[in-house]
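[1] starting from these lines, generate the structure:
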Amino acid sequence: MPSRHKPRIGEIFWLDDCPPLDGQMVKRRPVVFLGSIRQTDPQSPLLVVAVSHTASQPERDPDMIRLPDLQQSPQVRTGLSRPSWAIPRWFAVIEPQRIDVPMGYLSGSLLKRLIAAVNRRVDQAERES
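    Residues are numbered from 1 along each chain as shown. Model prediction:
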């Protein structure tokens, strides 16, 4: 079944059954949509980065990015209700039908920083494989 919503870069979605990250359990987790693998194909897999409500260790994730949340500032548009961090090494490729309606979005310089950090991690993973 095709996704009911065509995602836009920077939108934040809940992802059910997100793969375990650092030994954690499979669970529902927010993810930020960063783009389609094949831009012209509406059923192309999607590149997302997982969000955690627990800060990682700075030495392990020096590129983690604190995201705005509603506790911090009630007018933010992320839809995140509590402190959250995007962890660039937690990027994943998922099928488009796994997302639905966005809960919020990122934009501007914060989104650009996140995309650059994930691109560095993707490049590093490709070099190591």
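[2] for residue 53, what are its contacts?
    Residue 53 makes contacts with 82, 83, 84, 85, as judged by Cβ atoms under 8 Å, 6 or more residues apart in numbering. In short, each C-beta sits where N, CA and C put it, glycine included.
[3] do I have it right that the first one meets residue 71?
    Translated: residue 82. Yes. With contacts counted by Cβ atoms under 8 Å, residue 82 reaches residue 71, the gap being 5.7 Å.
[4] those two: which is more packed in?
    Higher neighbour count among residue 82 and residue 71: residue 71, with 12 against 9, using other Cβ atoms under 10 Å.
[5] tell me how far that one lies from residue 54.
    In this structure, residue 71 lies at 15 Å from residue 54, with Cβ to Cβ, to the nearest Å as the measure.
[6] same deal with residue 99?
    Relative to residue 54, residue 99 is positioned 23 Å away (criterion: Cβ to Cβ).
[7] out of the two, which sits in the more crowded spot?
    The residue with the greater number of neighbours, taking residue 99 and residue 54 and applying other Cβ under 10 Å, is residue 99; the counts read 22 against 9.
[8] excluding chain neighbours, what is closest to that one?
    Setting aside the residues directly before and after it, residue 99 is nearest to residue 13 in space (Cβ to Cβ, 6 or more residues apart in numbering), at 4.3 Å.
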